[in-house]
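Engineer: Sharing a model prediction with you, sequence too.
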Amino acid sequence: MRSYLELSNVSIEFTSKNSTFRALDKVNLHVNKGEFVSLIGHSGCGKSTVLNIVAGLYQATEGGVILEGKEIDAPGPDRAVVFQNHALLPWLTVYQNVELAVAQVFKGKRSPSEIRDWILHNLDLVHMTHAMDKYPHEISGGMKQRVGIARGLAMEPKVLLMDEPFGALDALTRAHLQDEVMRIHASLNNTVIMITHDVDEAVLLSDKIVMMTVGPNARIGNILDVALPRPRDRLAMANDTQYNHYRQEVLKFLYGGHSQRELAA
Amino acid sequence: MLQRARVMTSELLNRMSGVDMSALLRSWTLTVFGIIAFVLLWELGASRIDTALGKFPGPQQVWSQTQSLYDDHVREQERRQDFYERQDQRNAERLAANPDAEVQFRDYTGRPTFLDQVKTSLITVAFGFTLAMLVAIPLGIVCGLSNTMYSVVNPVVQVFKPVSPLAWLPLVTMVVSALYVTESPLVSKAFLTSAITVALCCLWPTVINTTVGVASVDKDLINVSRVIQLPALQHVRKIVLPSAIPMIFTGMRLSLATGWMVLIAAEMLAQSPGLGKFIWDEFQNGSSDSLGRIMVAVLAIGLIGFLLDKLMLLLQRRMSWDKTTALR
């Protein structure tokens, strides 16, 4: 069976003045519909590069990405991106930020009132309707990220790409937003690729954890299937032997020398 | 407990606004002090400088010249009004005597007063500045968006940027004389010459700042635009322009300041009506009042330049989304 999203032999090289830097080397990945996939690795390992290639923001030097049988060669709303530092337009309100995307994506396909309802629905999904007329500088970092997620979801993407979405948040806000994302994923069953450097986050949220080796020539070191039953509760998980097993596996990969192997070579 | 907290908060707020008030008072006191110190130094220095046209004008002399220039203006206004009244009356009488009579309307040809010259200068700079902005902002946007266009335009900009207005003036004069030939000119050649010279000199700061502003739009925001596939024009309107507005305004303010400076020089040299011509005429006139009058013009130029900049700042505050940055 063909998978929903497929990366086959993706390699990318960045050329600077007099040297080429091979960031990714033959990355192969299959993602099924509705799956929550995390990419984890040390910083600089090229996880963001993988995401940017799927988003179409970067072009792979070799290999390619196929989504629902079609090759990806440009960015598009079917692969919405949630950026690490939210990337909200500071001159637009919360509502207008989501509207900019929704109005563009569903232009001519939905009526103005349908578009309005859809924006409100998505803001409601992340509990941000109360602040819809506020500007980004008037709300907290966690709230900005909620809006970023609402904007991504509102595009009804085939794949939602999240680039360290909670990286810039404090631990409490992060836990709260992780729960929200799990809830939304449970109800919408959308396909998500998330980048993270947080082991607990990866195990708690994912169906599949993709562990990457350190770059240059970064590649996928190991893929871990997380077979924990959903819904997952972070309190119950703390004492769950299976959970701790997955956690150890990832930690072993990250700090047990596997991810460093490339450096020594 | 809650009550107490509320009282404490309101006390705190009071204290804070108290601080604000005293800070404001302090800054005003310093401003007034600065002005007084300047006037004193001016008075002291002026009384020590003898020129062929008498002593260098001190504050008092300048003040009396200001009044006399204003009185001149009022008198001239009355004369002009009298002239038109007399003309209307004469025409009416003639038409009453013979309905078919040909009546003549002539413009009043009195000497332009100081305030007339100020008005002319303001109109000229406004026209030249607008002309320059109509070219500079679109050009800056294109250069900021496309590296290719930047490479094409940048060398030209860099070469023309440091050119003095006086170097342009003869060329502009000749070109205007050659090309602007009409039976009934809407505006005078002199006006057009100074306005174009102003435009040529105030293009550059706006072109450069707009280019930088447009080129330095946050990369994430550009990626947002790419992901939602905004068409090029929408991309410029919704992402690029709002981002670049602060830089564009910085450029426009520099341009207007340059334009105002250039205008005075252009008017002096081209003998086109305006403040520059006023100064030159007074200099040639060489009466004992001349230096005082020139000093009035100098102060007026400074004050108008300052007000023009404040006006742009006000406009920037209205247009910019970022109300948190202190604009100065």
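Structural biologist: Thanks, I have the structure now. Residues are numbered from 1 along each chain as shown, chains lettered A, B, ... in the order given.

Engineer: quick one: pLDDT of residue 29?
Structural biologist: Using chain A. Listed pLDDT for residue A:29 reads 94.

Engineer: other chain: chain B
Structural biologist: pLDDT, read off for residue B:29, is 92.

Engineer: wait, what's in contact with the residue of chain A found nearest chain B?
Structural biologist: The minimum distance from chain A to chain B, using C-beta to the nearest C-beta, falls at residue A:91 (3.3 Å). In short, each C-beta sits where N, CA and C put it, glycine included. For residue A:91, the contact set (C-beta atoms under 8 Å, 6 or more residues apart in numbering or on different chains) comprises A:135, B:242, B:321-322.

Engineer: which residues touch residue A:4?
Structural biologist: A:31-33, A:35, A:67-68, A:158, A:191.

Engineer: Need those in TSV (columns: secondary structure and distance to residue B:232).
Structural biologist: Shown next, in TSV, are these (DSSP: H, G, I helix; E, B strand; the rest coil; distance: C-beta to C-beta, whole Å):
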residue	secondary structure	distance to residue B:232
A:31	strand	32
A:32	coil	37
A:33	coil	34
A:35	coil	36
A:67	strand	25
A:68	coil	28
A:158	coil	25
A:191	strand	30
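
Engineer: for those, which one is nearest residue A:53?
Structural biologist: residue A:67 (11.7 Å; C-beta to C-beta).

Engineer: Might one say that that closest one is in contact with residue A:158?
Structural biologist: Yes - counting by C-beta atoms under 8 Å, residue A:67 does reach residue A:158; the two are 6.1 Å apart.

Engineer: out of these two, which sits in the more crowded spot?
Structural biologist: Using other C-beta atoms under 10 Å in any protein chain shown, the more surrounded residue of residue A:67 and residue A:158 is residue A:67, with 21 against 18.

Engineer: Could you give the number of residues near the nearest residue to residue B:145 once chain neighbours are set aside?
Structural biologist: What sits nearest to residue B:145 in space, not counting adjacent residues and going by C-beta to C-beta, 6 or more residues apart in numbering or on different chains, is residue B:214, at 6.0 Å. By other C-beta under 10 Å, 24 other residues sit near residue B:214.

Engineer: residues contacting residue B:214?
Structural biologist: Counting by C-beta under 8 Å, 6+ apart, residue B:214 has contacts B:140-141, B:143-145, B:240, B:243-244, B:247.

Engineer: So it versus residue A:213, what's the distance?
Structural biologist: 40 Å (C-beta to C-beta, to the nearest Å).

Engineer: May I have the phi/psi pair for the closest residue to residue A:84 other than its chain neighbours?
Structural biologist: Closest residue to residue A:84 apart from its sequence neighbours, by C-beta to C-beta, 6+ apart: residue A:164 at 4.4 Å. Reported as degrees, to the nearest 10, the phi and psi values for residue A:164 are phi 40, psi 60.

Engineer: okay but residue A:164 is in contact with residue A:196, surely?
Structural biologist: Yes - counting by C-beta under 8 Å, residue A:164 sits close enough to residue A:196 to count as a contact (6.2 Å).

Engineer: Run through the residues that contact residue B:254.
Structural biologist: B:205-206, B:209.

Engineer: now with 6 Å?
Structural biologist: If a contact means C-beta atoms under 6 Å, 6 or more residues apart in numbering or on different chains, then residue B:254 has residue B:205 as its contacts.

Engineer: Does residue A:21 touch residue A:14 like I think?
Structural biologist: Yes - using C-beta atoms under 6 Å, residue A:21 is in contact with residue A:14, at 4.7 Å.

Engineer: now the strands: where do they sit in the stretch 101-250 of chain B?
Structural biologist: Counting by DSSP state E, counting those that start in this stretch, the stretch 101-250 of chain B has no strands to list.

Engineer: The helix ranked longest in chain A: what's the following helix or strand?
Structural biologist: In chain A, taking DSSP state H as the definition, the longest helix is helix A:171-188. Counting by DSSP states H and E, the next helix or strand C-terminal to helix A:171-188 is strand A:191-196.

Engineer: contacting residues around that following strand?
Structural biologist: By C-beta under 6 Å, 6+ apart, strand A:191-196 touches A:33-40, A:47, A:51, A:159-164, A:202.

Engineer: Look up how far residue A:136 lies from the closest residue to residue B:94 other than its chain neighbours.
Structural biologist: What sits nearest to residue B:94 in space, not counting adjacent residues and going by C-beta to C-beta, 6+ apart, is residue B:101, at 4.7 Å. Distance from residue B:101 to residue A:136, counting by C-beta to C-beta: 74 Å.

Engineer: Would you mind confirming that residue A:65 makes contact with residue A:72?
Structural biologist: Yes - in this structure, residue A:65 is within contact of residue A:72 by C-beta under 6 Å, at 4.4 Å.

Engineer: Return the residues of the stretch 151-265 of chain A in contact with chain B.
Structural biologist: Counting by C-beta under 6 Å from any C-beta of the partner chain, the stretch 151-265 of chain A comes close to chain B at no residue.

Engineer: Break down the stretch 151-265 of chain A into its helices, ranges please.
Structural biologist: A:171-188, A:199-205, A:234-237, A:241-255, A:261-264 (DSSP state H, counting those that start in this stretch).

Engineer: Lovely, talk soon.
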